[in-house]
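1. 3D, please:
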Amino acid sequence: MRCVIARFPFELTKSEVQQAMKGIKPEPITGESVVIGRRSYPVKQVGEVITRQDRRDFTAFEVTRALTRLGFTCQAVPAPVAPAPLSPMETASALLGPAAQD
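-> Sure thing, here's the model as predicted:
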């Protein structure tokens, strides 16, 4: 399949992407990710490997779009979870601070 990443055309197939990522250790995921085989990789890491370009040269959206069209499962950035609100007793305790020790 022909796709354009960072203004450069690439002819990619699903098997070529799988082969390129074989043996590469996934980096910690902090943004968008893609599942290749049984591993989840950051989209930018996969883009860097398959295009041989610096990660700053392309967007995660460009790579996500190409990988989705190839049939890979891409996942968006998980939404941050808001902390549970404190009860009135917990709020008062936090305001007073730790107990004094003699």
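2. Local confidence estimate at Ala92?
-> Looking at Ala92, its pLDDT stands at 87.
3. Could you list the low-pLDDT ranges of this structure?
-> Along the chain, segments meeting pLDDT under 70 span 78-79, 102.
4. how long is stretch 40-56 end to end?
-> End-to-end span of stretch 40-56 (CA to CA, to the nearest Å): 21 Å.
5. Please give the centre-to-centre distance between it and its chain.
-> With CA atoms, centre = their mean, to the nearest Å as the basis, stretch 40-56 stands 11 Å off its chain's centre.
6. same thing with stretch 89-101?
-> Distance of stretch 89-101 from its chain centroid, counting by CA atoms, centre = their mean, is 39 Å.
7. got a list of contacts for that stretch?
-> Residues outside stretch 89-101 that contact it (CB atoms under 8 Å, 6 or more residues apart in numbering): Leu86. Where you see a C-beta, it was placed from the backbone N, CA and C, and this is true even at glycine.
8. which residues in the protein form helices?
-> In the chain, the segments counted as helices under DSSP state H are 14-21, 43-51, 60-70, 88-96.
9. So which bits of the first one are buried?
-> The neighbour-count check on helix 14-21 (16 or more other CB atoms under 10 Å) flags 17, 20-21 as buried.
10. Which elements pack onto that helix?
-> Helix 14-21 sits against strand 33-36, helix 43-51, helix 60-70, with contacts defined as 3 or more CB pairs under 8 Å, 6 or more residues apart in numbering; DSSP states H and E.
11. Tell me which of these lies nearest to Pro80.
-> If you check each of the helices and strands packed on helix 14-21 against Pro80 by CB to CB, strand 33-36 wins as the nearest, at 16.0 Å.
12. elements contacting that closest one?
-> Against strand 33-36 (3+ CB pairs under 8 Å, 6+ apart) you get helix 14-21, strand 39-42, helix 43-51, helix 60-70, strand 73-75.
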